[in-house]
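In: the sequence and its predicted three-dimensional model are supplied below.
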Amino acid sequence: MQSFRTELENPIVEKDILDLERKIALFREGKIDEEKFRSLRLARGVYGQRQQGVQMIRIKLPYGRATSAQLRRICKVSEEYSTGRLHITTRQDIQIHYVSLDRTPQLWAELEKDDVTLREACGNTVRNVTASETAGIDPKEPFDVTPYADATFRYFLRNPICQEMGRKFKMAFSSSEKDTALAYMHDLGFIPKMNEFNGQQVRGFKVLLGGGLGSQPRHGDLITEFLETDQLIPFIESVLRIFDRHGERARRNKARMKFLVKEIGIEAFLDLVEKEKKALPFQSFPLDFENQEAPSLPNPPAAQPEGELGLDFELWKLTNVLPQKQEGYVSIGVRVPLGDFYLDQARPLADLVEKYAAGEIRFTLRQNILIRDVREDLVPFFYQELKKINLAQGGYNSLGDITACPGTDTCNLGIASSTGIASELEKVIQNEYPHLLKNRDLVIKISGCMNACGQHNMAHIGFQGMSMKAGKTVIPALQVLLGGGNLGDGNGRFADKVTKIPSRRGPQALWVLLDDFEKNAEGKDFLSYYDQQGQMYFYDLLKELSDASTVTESDSVDWGHQEAYEVAVGVGECAGVVIDLVATLLLEALEKLDLGQEALENERWSDSIYHHYAGLINAAKALLLSEDISTNSYANIISLFDEKFIETGKINLNSSFADVVYQINQNEPTEEFARKYAQQALEVYGLLKSYREEEVEA
């Protein structure tokens, strides 16, 4: 690999990118274990694809915001490094595909020229902080949550406490009680509230913790009805520290926050959170956005469409134009089928919003685009301009606006095609139920596997990709789920698994469900009708479609494919040679200690303490691995190290390892303690490294 010049003004970012380039080179040379390299690159937005030898790059866009300049920059890198297709995710990110691993540092450097990052877009980190796309313009919001989401993103970006957790961590901010950011299904979810204090209205958040989707969805626990804004950052940091220390690390399918909360109980978890507060760098972190001036509204020149717009425009207005709290302005919802759009659409869109709106867009949780702050008189002009670039489809956020993950198109974990069936279902609705394109109370979501990236198990009608046997043949299938939905104010419900059908019968299943609903619901909403009829009613309704004995040859070909279905796991990245994992962990421990020393020199006391803590953990894990002792959490590493090395007299620290390590949550992060802890960590690392070297030489 040839080195390159990043030409970036931010030395921290530049160092990060050059470090990625160096680690790629070491991986290519077989000097870094594949598993460890995977962790490193994922934390930098580089994700393995189903297709061998190429990567998916996830671009992190906090709360889905992209300025016109940033959108143009994303277009530039997609054109140069990828295929020109931009994919909007259900977490308001942008993904591009088919990127060479060796070119990812250059790609990242190009993005950072307009303050766009890949950092912690994937991996066991704090993922993109999402928020309602209407935050700041929502007529029903008590206040704009955007600056709070932004402060959260910036505080935890590159924060040492959340770089190598047992699993990913997701947070969401809703704009109002409607809870359009789905707070209840996140590790931490926040809903804005106002409370009276000393005769004044003050801001705060309703907080939910421990929610999640996947194969075992869990509703978040209500932690408090009102968390003051100055406690937002300290509370999140304390939660992350406990998750980092006690979260599962060996069993990936049990490593999310929801499982830790379920295992130890919410009261015990919150007790640990409370005890951790002493170690925090900030007991209060004021976020004083109350007096922040609202951004000035755009006042572009008048513009008129060319000729008559017709009935299509009137129908589009019904579903795609949304009111704002700012008088005289509206937002325009741009429906992006399956979240895929292209450079010849994105570039004109960037120009359009820069000249005639606020110069930014928001990518939405339903894989769409919201153009904000459009003067009402410009709506006809916007429609015409969007139509020119094929972005004027009606039915924004309606039944026909289906959410779907990439599935078997590019994802390693995909079992069946989610995009293929989504396209077919959208055709069914467009052609046979056009009147339902105005229905915003009925939601369809599709995932290609049980991991629920398409959020299928919180939809009214959900489909999950899977496989099923028909005689001796394995065919693509769909699990049909019904009865999920967002109830508002932090309350939601998860869908029931009703039956499994061959994928090719997905359109028939939708016909059956919609026909029955329209014929028998008698004005009830779908969830009320589902509750009235019950799960078994719908099982019986779809039973005929689930019959594997009537499968034909065509059922063995998945949607969007020509060849017969085959269950396949995508090929991972090229493997390095077998190396000494113990030595690798010790090297990583030393890197953590070096980062701690650097933080110490820069007087970042809390960061220094946490880096030295992580260094101690890695060193202890290395020695446990050398004895073939498995571990499953940081807390487990500490106790096992004492049991196997300290209590047996193999290593003498003049105290227990736990006494040394757990000073981290028993002291305030002062300069005096940071320097003392750093010195102890270096001494302990020296002892552990010497022990390992003596064992190897023996």
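Out: Done, it's in. No experiment lies behind these values; they were computed from the predicted model shown.
In: measure how far the helix-or-strand element of the chain with minimal mean pLDDT is from the centre of its chain, please.
Out: Here the helix or strand of the chain ranked lowest by mean pLDDT, DSSP states H and E is helix 34-42, holding a mean of 80. The chain centroid and the centroid of helix 34-42 are separated by 18 Å under CA atoms, centre = their mean, to the nearest Å.
In: do the same with stretch 685-698
Out: Chain-centre distance of stretch 685-698: 41 Å, with CA atoms, centre = their mean.
In: using PDB, write out every CA atom in it.
Out: Output of stretch 685-698 as PDB, limited to C-alpha atoms (Å, rounded to 0.1, in the frame of the first residue of the first chain):
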ATOM      1  CA  TYR A 685       1.700  -4.300  33.000                       C
ATOM      2  CA  GLY A 686       5.400  -4.700  33.400                       C
ATOM      3  CA  LEU A 687       4.900  -7.500  35.900                       C
ATOM      4  CA  LEU A 688       2.400  -9.300  33.600                       C
ATOM      5  CA  LYS A 689       4.600  -8.900  30.500                       C
ATOM      6  CA  SER A 690       7.600 -10.300  32.400                       C
ATOM      7  CA  TYR A 691       5.600 -13.200  33.600                       C
ATOM      8  CA  ARG A 692       4.500 -14.000  30.100                       C
ATOM      9  CA  GLU A 693       8.000 -13.800  28.700                       C
ATOM     10  CA  GLU A 694       9.400 -16.100  31.400                       C
ATOM     11  CA  GLU A 695       6.600 -18.600  30.700                       C
ATOM     12  CA  VAL A 696       7.400 -18.600  27.000                       C
ATOM     13  CA  GLU A 697      11.100 -19.100  27.600                       C
ATOM     14  CA  ALA A 698      10.600 -21.900  30.100                       C
END
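In: what are the buried residues along it?
Out: Across stretch 685-698, burial judged by 16 or more other CB atoms under 10 Å covers 685, 688-689, 691-692. C-beta coordinates here come from the backbone N, C-alpha and C atoms, glycine included.
In: and if you look at stretch 17-29?
Out: Across stretch 17-29, burial judged by 16+ other CB under 10 Å covers 17-18, 20-21, 23-24, 27.
In: same question for it, mean pLDDT?
Out: For stretch 17-29, mean pLDDT is 90.
In: off-centre distance for that stretch?
Out: Here the centre of stretch 17-29 is set off from its chain's centre by 25 Å, with CA atoms, centre = their mean.
In: and if you look at stretch 146-159?
Out: Centroid separation for stretch 146-159 versus its chain: 14 Å, with CA atoms, centre = their mean.
In: contacts for that stretch?
Out: Contacts of stretch 146-159 with the rest of the structure, by CB atoms under 8 Å, 6 or more residues apart in numbering, involve 12, 16, 62-63, 65, 117, 119-120, 126, 128-131, 135-136, 162, 171, 173, 190, 205, 229, 232-233, 236-237, 240, 285, 287, 289, 292, 607.
In: let's see 7 Å
Out: With CB atoms under 7 Å, 6 or more residues apart in numbering as the test, stretch 146-159 has contacts from 62-63, 119-120, 126, 129, 131, 135-136, 162, 171, 173, 229, 232-233, 236, 287, 289, 292.
In: in helices only, show me those.
Out: Counting by DSSP state H, these place 232-233, 236 in helices.
In: picking that back up, helix or strand right after the least confident helix or strand of the chain?
Out: Going down the chain from helix 34-42, the next helix or strand is strand 46-48, by DSSP states H and E.
In: in its sheet, what does the helix or strand following that following strand sit against?
Out: Later in the chain than strand 46-48, the nearest helix or strand by DSSP H and E is strand 55-59. Paired neighbours of strand 55-59 in the sheet (DSSP bridges): strand 46-48 (antiparallel), strand 94-99 (antiparallel).
In: what comes up buried for the last one?
Out: By neighbour count, and taking 16+ other CB under 10 Å as the criterion, the buried residues in strand 94-99 are 94-99.
In: just put the ones in helices among the contacts of stretch 146-159 in a markdown table and tack on neighbour count.
Out: Below are the ones in helices among the contacts of stretch 146-159 laid out as a markdown table (neighbours: other CB atoms under 10 Å):
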| residue | neighbour count |
| --- | --- |
| 232 | 24 |
| 233 | 21 |
| 236 | 24 |
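In: rebuild the buried residues of stretch 685-698 as a markdown table, extending it with secondary structure.
Out: Output for the buried residues of stretch 685-698, formatted as a markdown table (DSSP: H, G, I helix; E, B strand; the rest coil):
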| residue | secondary structure |
| --- | --- |
| 685 | helix |
| 688 | helix |
| 689 | helix |
| 691 | helix |
| 692 | helix |
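In: let me have these in TSV, extended by distance to residue 108.
Out: Formatted as TSV, the buried residues of stretch 685-698 follow (distance: CB to CB, whole Å):
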residue	distance to residue 108
685	31
688	34
689	33
691	39
692	35
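In: looking at it, residue 337 is touching residue 427, isn't it?
Out: No: Residue 337 is not in contact with residue 427 according to CB atoms under 7 Å; the separation is 10.5 Å.
In: between the two, which one's more packed in?
Out: More neighbours surround residue 337 than the other of residue 337 and residue 427, with 18 against 12 (other CB atoms under 10 Å).
In: in terms of helices and strands, where is the nearest residue to the more buried one once chain neighbours are set aside?
Out: In this structure, residue 337 finds its nearest non-sequential neighbour in residue 426, 6.4 Å apart by CB to CB, 6 or more residues apart in numbering. With elements taken from DSSP H and E, the one containing residue 426 is helix 418-432.
In: strand partners (parallel or antiparallel) of the helix or strand following that helix?
Out: On the C-terminal side of helix 418-432, the nearest following helix or strand under DSSP H and E is strand 444-447. As defined by DSSP bridges, the strand partners of strand 444-447 come to strand 403-404 (parallel), strand 461-470 (parallel).
In: out of those strands, which one sits most buried?
Out: Here the criterion is mean neighbour count by mean count of other CB atoms under 10 Å, and of the strands paired with strand 444-447 the winner is strand 403-404, at a mean of 28.
In: now tell me what touches it from outside.
Out: Strand 403-404 is contacted from outside by 90, 338, 366-367, 418-419, 422, 445-446, 454-455, using CB under 7 Å, 6+ apart.
In: and the buried ones among those residues, selectable in PyMOL?
Out: In PyMOL, this line selects whichever of the contacts of strand 403-404 come out buried by 16+ other CB under 10 Å:
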select buried, resi 90+338+366+367+418+419+422+445+446+454+455
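In: state the distance from residue 418 to residue 128.
Out: 21 Å (CB to CB, to the nearest Å).
In: need the ones in helices among the contacts of stretch 146-159 in CSV with pLDDT, can you?
Out: Formatted as CSV, the ones in helices among the contacts of stretch 146-159 follow (pLDDT from 0 to 100):
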residue, pLDDT
232, 98
233, 98
236, 98
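In: just give me the closest of those residues to residue 315.
Out: Distance to residue 315, by CB to CB, is smallest for residue 232 among those, at 42.1 Å.
In: domain ranges for this protein?
Out: With domains defined by automatic domain parsing, the chain comprises 11-112, 130-279, 310-388, 403-556, 581-697.
In: of all those, which lies closest to residue 299?
Out: Per CB to CB, nearest to residue 299 of the domains of the chain: domain 310-388, 7.4 Å.
In: what mean pLDDT does the closest one get?
Out: Per-residue pLDDT values over domain 310-388 give a mean of 96.
In: now do the same end-to-end measure for that domain.
Out: Using CA to CA, to the nearest Å, the end-to-end distance of domain 310-388 comes to 15 Å.
In: repeat that for stretch 456-466.
Out: Using CA to CA, one end of stretch 456-466 lies 13 Å from the other.
In: who touches that stretch?
Out: Here stretch 456-466 makes contact (CB under 7 Å, 6+ apart) with 185, 213, 217, 407, 414-418, 421, 442-450, 477-482, 484-485, 492, 494-495, 500, 506, 513, 526-527.
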